[in-house]
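A.B. asks: A structural model of the following input is requested.
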Amino acid sequence: MQPKISVVLPMYNEQENIEAAVAMARRVLEPLSEGDYEIVIVDDASTDRTGEIAEELAAADPRIRPFHHDTNRTLGASIRTGLTHSRGELVLYTDADLPCDLAYLSDAIPLLNEADVVIGYRTGRRESLKRWLYSSAYNRLTRWLLGIHVRDVNFAFKLFTRPVVDAMALRAEGSFIDAEMLAEAQRLGFRIAEIPVVYTPRQAGCSTLARPRVIIGIIREMFTYWRRRPPPAP
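C.D. replies: Purely as a prediction, here's the structure:
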């Protein structure tokens, strides 16, 4: 019997992407889970039709489960909401703009025989020089400060087993959540595996990750986590 799979999709103003993201998730999940899956959409107080479309999709398929924030709480809070409400034995977090083909799940799941977390790292990047520099510097900083030795800490393809989801103590409100999830998994003694994925640039909507305010928030939350993080689990 195949494990139940949850896909968590945080969304803010993704009306141009939501239907394509859900369609891809359904197409990939159907054979992998023998139909036993759920798609958890977290609408972070969008000002467009994202929440309305999510409800329409849910009305047509009970495996689509939308949750709505009353106020915009940004990425970390949205992911935490999605993980909290997920019910699958395996839980994938990815972004609504589909940064890679979800078919990579078929490569990731077998690695859970030897690991507890499987994350993707980007190949074939077509980012701006500024985004590449930000990413490179951030990966180095997380290695130095938090000891996270992975190729691409911030990429939105992270597959967790249920024990990892239940054990992580996540607090990040913003985009530091990607690094916090890996730092927590590592602190708790869970094993992390990596797979290469072909990066797909955003086709619609607007990313806010490279904005100065967002970057400052990431650095602030990183140092807050570094100061308060509990010791490694025994």
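A.B. asks: which residues touch Leu159?
C.D. replies: Neighbour list for Leu159: Leu90, Val91, Leu92, Leu105, Ala108, Ile109, Leu112, Val117, Val118, Ile119 [criterion: Cβ atoms under 8 Å, 6 or more residues apart in numbering]. Bear in mind the C-beta positions are built from the backbone N, C-alpha and C, glycine included.
A.B. asks: for the host helix or strand of the third one, which strands pair with it and how are they oriented?
C.D. replies: Taking DSSP states H and E as the criterion, Leu92 maps to strand 90-94. Using DSSP bridges, the neighbouring strands of strand 90-94 in the sheet come out as strand 5-11 (parallel), strand 157-161 (antiparallel).
A.B. asks: centre of the chain to the first one, how far?
C.D. replies: The reference is to strand 5-11. How far strand 5-11 lies from its chain's middle: 8 Å, per Cα atoms, centre = their mean, to the nearest Å.
A.B. asks: next SSE downstream of that strand?
C.D. replies: Scanning onward from strand 5-11 (DSSP H and E), the first element met is helix 18-33.
A.B. asks: go ahead and produce CSV holding the CA coordinates of that next one.
C.D. replies: Provided in CSV are the C-alpha atoms of helix 18-33 (Å, rounded to 0.1, in the frame of the first residue of the first chain):
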residue,chain,number,x,y,z
ILE,A,18,-3.0,28.2,-8.6
GLU,A,19,-4.9,26.1,-11.2
ALA,A,20,-1.8,24.9,-13.0
ALA,A,21,-0.1,24.1,-9.7
VAL,A,22,-3.1,22.0,-8.5
ALA,A,23,-3.4,20.3,-11.9
MET,A,24,0.2,19.3,-11.8
ALA,A,25,0.0,18.0,-8.3
ARG,A,26,-3.0,15.9,-9.0
ARG,A,27,-1.5,14.5,-12.2
VAL,A,28,1.7,13.5,-10.3
LEU,A,29,0.1,12.3,-7.1
GLU,A,30,-2.6,10.1,-8.5
PRO,A,31,-0.3,7.2,-9.6
LEU,A,32,2.3,7.7,-6.8
SER,A,33,-0.3,7.4,-4.0
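A.B. asks: thinking Tyr93 is in contact with Arg80, fair?
C.D. replies: No: using Cβ atoms under 8 Å, Tyr93 is not in contact with Arg80; the gap is 10.4 Å.
A.B. asks: okay, these two: which has more neighbours?
C.D. replies: Comparing Tyr93 with Arg80 by other Cβ atoms under 10 Å, the one with more neighbours is Tyr93, at 25 against 22.
A.B. asks: run through the bridge partners of the more buried one.
C.D. replies: Tyr93 has the following beta-bridge partners by DSSP bridges: Val8, Lys158.
A.B. asks: ok, it to Phe157 distance?
C.D. replies: 8 Å (Cβ to Cβ, to the nearest Å).
A.B. asks: one more: Arg65?
C.D. replies: Distance, Arg65 to Phe157, by Cβ to Cβ: 20 Å.
A.B. asks: could you do Thr84 as well?
C.D. replies: For Thr84, the distance to Phe157 - Cβ to Cβ - is 20 Å.
A.B. asks: who has more neighbours, these two?
C.D. replies: Set side by side, Thr84 and Phe157 show more neighbours around Phe157, with 24 against 14, by other Cβ under 10 Å.
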